[in-house]
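S.K.: okay, sequence plus prediction incoming.
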Amino acid sequence: MRLSTPILLASTASAISFPSLPNLPRGLSIPELNTSISALARHIPVPALFRRKDGGGGSCPAIWSTITKDLTAMFLDTTTAQCNDDARAAIREAFHDCGTWNKAQGSTGGCDGSLILAPETDRAENNGLQDISAKLLALATKRGVGVADLIQFAAAHAIVTCPGGPRITTYIGRKDSSTPAPPDLLPDVHASGDSLFALFADKGFSAVDLAALLGAHSTSKQFHVDESQAGAAQDSTPGLWDVKYYAETLNPPQGVFVLPSDRSLAAQAQVGKEFKGFVGNQGKWTGKFADAMTRLSVLGVPGGAAGLVDCTAALPGGTKRRDVRAAPVDDRAR
């Protein structure tokens, strides 16, 4: 969906060095950002550097605790102690990297970093992801970690940065790829509810899974579906991870933007029943979302989570006032 939001190296991360990469200048246009992402991605030897050698298992590399500090500075709005637009974009990024997978691809494609490394940011459905893609590519290069892993780790970090967001089980150890994903496998914002349900069923998701995943739009803003309303939120509390999205999609208050696809799915027979079941039910939604998001984050990964390393413990505990006090001074003034 074309909106602002809505999952290798383990033991050897510190042993790898990268060439010095140029900084991206500020104020680039979208075509210029696409060109810059392509240029940066070509500096990274893919997939050889990001191939695990230990067959999975083991402990989470310490570098991910360092990355957590990087992402907190990137995702936390220190004025409101809520998640910001970079966090929203990171959540959407994870969906768009993994969401191009379907069952026919088996143990290929999906969550492989091709969104950034191919790159696929020049596709219309990925419009608006150029800036966060450039930032995540630069961070992956700086810290010597896989792009596919960082996309999923950043999304999980962004979710927990939004107050109320759950800690998603988060794995490391994917193989990066610069092979473009097949086209037309991400949901079309103008598609019917039945066709969207069929699209997600072909990725392995049930009606309740899809209804739960839609709830990521709780923190979403749209910029390109209707550019006359760029920046409009999809519920009245976009900095919080809550269930207002469900009630406000069904009965939108003034200022809340409802995607045509969300409206269609909320009215679709199977998905709509589950969608309505999340109205006012934060606990139920949190559990269902966390389960579906974890499964989405390993689509296309050979063996699924079995050969990966669990790095959930490297995520922050959640956004609290002390996080704002600890933020860098220059970030507070942003």
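M.R.: That came through, no problem. Since this is a predicted model, take the numbers as computed values, not measurements.
S.K.: so which residues of this protein form helices?
M.R.: All helices of the chain, identified by DSSP state H, fall at 30-41, 63-75, 85-98, 114-117, 130-143, 147-161, 193-201, 207-214, 244-250, 260-267, 269-277, 282-296, 321-326, 329-332.
S.K.: show the average pLDDT along the fifth one.
M.R.: Model confidence over helix 130-143 averages 98 on the pLDDT scale.
S.K.: which secondary structure elements does that helix contact?
M.R.: If you count contacts as 3 or more Cβ pairs under 8 Å, 6 or more residues apart in numbering; DSSP states H and E, helix 130-143 packs onto helix 30-41, helix 63-75, helix 85-98, helix 114-117, helix 147-161. (Glycine included, C-beta is placed from N, CA and C.)
S.K.: would you mind finding the most buried of those helices?
M.R.: Ranked by mean neighbour count, the helices and strands packed on helix 130-143 are led by helix 147-161 with a mean of 30 (mean count of other Cβ atoms under 10 Å).
S.K.: any weak-confidence spans in the protein?
M.R.: Along the chain, segments meeting pLDDT under 70 span 1-57, 319-334.
S.K.: would you turn the helices of the chain into TSV with distance to residue 222?
M.R.: Below are the helices of the chain laid out as TSV (distance: least, Cβ to Cβ, whole Å):
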stretch	distance to residue 222
helix 30-41	16
helix 63-75	19
helix 85-98	10
helix 114-117	19
helix 130-143	15
helix 147-161	17
helix 193-201	17
helix 207-214	14
helix 244-250	13
helix 260-267	10
helix 269-277	19
helix 282-296	20
helix 321-326	27
helix 329-332	26
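S.K.: just checking, residue 222 touches residue 235?
M.R.: No: using Cβ atoms under 8 Å as the test, residue 222 is too far from residue 235 to be in contact (11.7 Å).
S.K.: which one of the helices of the chain lies nearest to residue 304?
M.R.: Residue 304 lies closest, by Cβ to Cβ, to one member of these: helix 282-296, at 8.2 Å.
S.K.: okay, buried residues for that closest one please.
M.R.: Residues of helix 282-296 classed as buried under the neighbour-count rule (16 or more other Cβ atoms under 10 Å) are 285, 286, 288, 289, 290, 291, 292, 293, 294, 295, 296.
S.K.: tell me what angle that helix forms with helix 269-277.
M.R.: Angle, helix 282-296 to helix 269-277, by axes from the mean of the first three to the mean of the last three Cα atoms, to 10 degrees: 130 degrees.
S.K.: show me the contacts for residue 318.
M.R.: 160, 161, 163, 165, 167 (Cβ atoms under 8 Å, 6 or more residues apart in numbering).
S.K.: quick one: the first one and residue 317, what's the gap?
M.R.: Counting by Cβ to Cβ, to the nearest Å, the separation of residue 160 from residue 317 is 8 Å.
S.K.: overlap in contacts, those two.
M.R.: residue 167.
S.K.: on that earlier part again, switch the buried residues of helix 282-296 over to TSV; also include distance to residue 276.
M.R.: Below are the buried residues of helix 282-296 laid out as TSV (distance: Cβ to Cβ, whole Å):
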residue	distance to residue 276
285	12
286	17
288	14
289	16
290	20
291	19
292	17
293	21
294	24
295	23
296	22
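S.K.: of the residues you listed, closest to residue 60?
M.R.: residue 294 (15.6 Å).
S.K.: surely the closest one meets residue 169?
M.R.: Yes: using Cβ under 8 Å, residue 294 makes contact with residue 169 at a distance of 4.6 Å.
S.K.: for these two, list the residues in contact with both.
M.R.: What both residue 294 and residue 169 touch, as defined by Cβ under 8 Å, 6+ apart, is the set residue 305.
S.K.: quick one on the thing from earlier: quick one: closest of the helices and strands packed on helix 130-143 to residue 270.
M.R.: helix 85-98 (20.6 Å).
S.K.: of all the helices of the chain, which lies closest to residue 228?
M.R.: The nearest among the helices of the chain, by Cβ to Cβ, is helix 260-267 at 15.0 Å.
S.K.: quick one: that closest one to helix 207-214, angle?
M.R.: Going by the same axes, to 10 degrees, helix 260-267 makes 140 degrees with helix 207-214.
S.K.: check which helices and strands helix 260-267 sits against.
M.R.: By 3+ Cβ pairs under 8 Å, 6+ apart, helix 260-267 packs against helix 193-201, helix 207-214, helix 244-250, helix 269-277.
S.K.: check which residues of that helix are buried.
M.R.: Quick answer for helix 260-267 (16+ other Cβ under 10 Å): 261, 262, 264, 265, 266.
S.K.: between these, which is nearest residue 216?
M.R.: residue 262 (11.0 Å).
S.K.: contacting residues around that closest one?
M.R.: 214, 217, 234, 249.
S.K.: quickly note the distance from it to residue 89.
M.R.: Distance from residue 262 to residue 89, by Cβ to Cβ: 18 Å.
S.K.: same question, residue 193
M.R.: Distance from residue 193 to residue 89, by Cβ to Cβ: 26 Å.
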